[in-house]
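Student: return a 3D structure for these sequence lines:
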Amino acid sequence: MRSRGLVVAIAVVLAIVASAAVILYTNGVKEDAVTGGSLSEVVVASQDIPANTNLNPLLDQGVFSTLRVPTDAVVDGAISDLSQLRGLTSTAPILANEQIPVGRLSSGESPQGGPLGISDGNIAVSIRVDDEAAVNGSITRGSSIVVYATFESPEFLPGGTPQQQITKAGTSVQTSELPTLTTTLIPAVRVLEVVNPVVAEGSSQSANEPVTLTLDLTPQDAQNLVYAQETGRIWIGLLPPDEEVGHPLPFSVIPIDRVLGQKS
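Tutor: Here you go, the predicted model:
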């Protein structure tokens, strides 16, 4: 009897030891998974975010948080720290709880100076152009662009002021008529803000809607742009990042001052 009781006691002890070993092993595996580098932190959003959304207000509202995922499941270029989102804009829709690759974000930073970042001595002017005339929604805040203007058979008054330049046919004023022309209106200008058409979920094409651009313009460029917007058609080209000069074509386009009637 005593030997049977001893056997039972030993069996119970062994069972307890085995259970403890299993628990310790399981906890050890979990600990290794957490501390052994097999998990990585990524940033996710708690809600769906449309394209062309300024992320700063969402950061302040606590929309973003970090999540631990297996390292081998981290997508290329995934944002891993909340500070990386500061000052950026989404260029494509971001779904709730999905990893956020840097390719869906605008890296263009607004220049310093006021809410829009207007340069000293410059003027912020907004214009609306068709989607296809604005690089199909590829322009983001901080982009460098070139502005073209097309005038349909403009008439100008030689030596006249900009306010006198375009006249109506049949008037007694002596005018000269030019053929339809396209001129490089502004070789290079920085975009302060942009409202692009929203890209529909599951589509790579933006809606065929106007694009609104706010530009950092000198007073002269601002005046010329408003004039061209009122009397002609505007087309936008996208320049390489940080381009400050652009690609003017002095030998193949008619200068804007001639269009405005300031040269004969």
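
Student: please name the bridge partners of the nearest residue to residue 88 once chain neighbours are set aside.
Tutor: Leaving out its chain neighbours, the residue that sits closest to residue 88 by C-beta to C-beta, 6 or more residues apart in numbering is residue 105, at 4.5 Å. C-beta coordinates here come from the backbone N, C-alpha and C atoms, glycine included. Beta bridges link residue 105 to residue 90, judged by DSSP bridges.

Student: and the pLDDT for residue 105?
Tutor: pLDDT, residue 105: 82.

Student: next: residue 238.
Tutor: 91.

Student: what ranges of the stretch 101-250 of the chain fall below the confidence cut-off?
Tutor: Within the stretch 101-250 of the chain, the stretches with pLDDT under 70 are 107-115, 153-179, 197-208, 248-250.

Student: that older thread, wait, the residue nearest to residue 88 touches residue 89, no?
Tutor: Yes: between residue 105 and residue 89 there is a contact under C-beta atoms under 8 Å: 6.9 Å.

Student: quickly list what's touching both of the two.
Tutor: Shared contacts of residue 105 and residue 89, defined by C-beta atoms under 8 Å, 6 or more residues apart in numbering, are found at residue 55.

Student: could you chop the chain up by domain?
Tutor: Following automatic domain parsing, one gets these domains for the chain: 39-105, 123-259.

Student: the first one spans what distance, first to last residue?
Tutor: This points to domain 39-105. Using C-alpha to C-alpha, to the nearest Å, the end-to-end distance of domain 39-105 comes to 24 Å.

Student: so where do the helices sit in this protein?
Tutor: 2-35, 55-60, 219-231, 256-259 (DSSP state H).

Student: mind listing the strands for this structure?
Tutor: According to DSSP state E, the chain carries its strands in the segments 39-45, 64-70, 89-90, 105-106, 123-129, 144-151, 155-156, 176-177, 181-195, 211-217, 233-238.

Student: output the contacting helices and strands for the third one.
Tutor: Read it as strand 89-90. strand 105-106 (3 or more C-beta pairs under 8 Å, 6 or more residues apart in numbering; DSSP states H and E).

Student: what number of residues lie near residue 132?
Tutor: By other C-beta atoms under 10 Å, 13 other residues sit near residue 132.

Student: distance of it from residue 53?
Tutor: Note on residue 132: its distance to residue 53, by C-beta to C-beta, to the nearest Å, is 23 Å.

Student: what comes up buried for stretch 41-55?
Tutor: Applying a neighbour-count criterion of 16 or more other C-beta atoms under 10 Å, the buried positions in stretch 41-55 are 42, 43, 44, 45, 49, 51, 52, 53, 55.

Student: turn these into a markdown table, including distance to residue 223 and pLDDT.
Tutor: Formatted as a markdown table, those follow (distance: C-beta to C-beta, whole Å; pLDDT from 0 to 100):
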| residue | distance to residue 223 | pLDDT |
| --- | --- | --- |
| 42 | 48 | 92 |
| 43 | 44 | 93 |
| 44 | 47 | 93 |
| 45 | 42 | 92 |
| 49 | 38 | 88 |
| 51 | 33 | 74 |
| 52 | 29 | 72 |
| 53 | 33 | 82 |
| 55 | 34 | 89 |
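
Student: just the closest of those residues to residue 140, please.
Tutor: residue 52 (8.3 Å; C-beta to C-beta).

Student: could you find the closest non-adjacent residue to the closest one?
Tutor: Nearest to residue 52 is residue 196, by C-beta to C-beta, 6+ apart, at 4.8 Å.

Student: distance of that neighbour from residue 231?
Tutor: Taken as C-beta to C-beta, the span from residue 196 to residue 231 is 26 Å.
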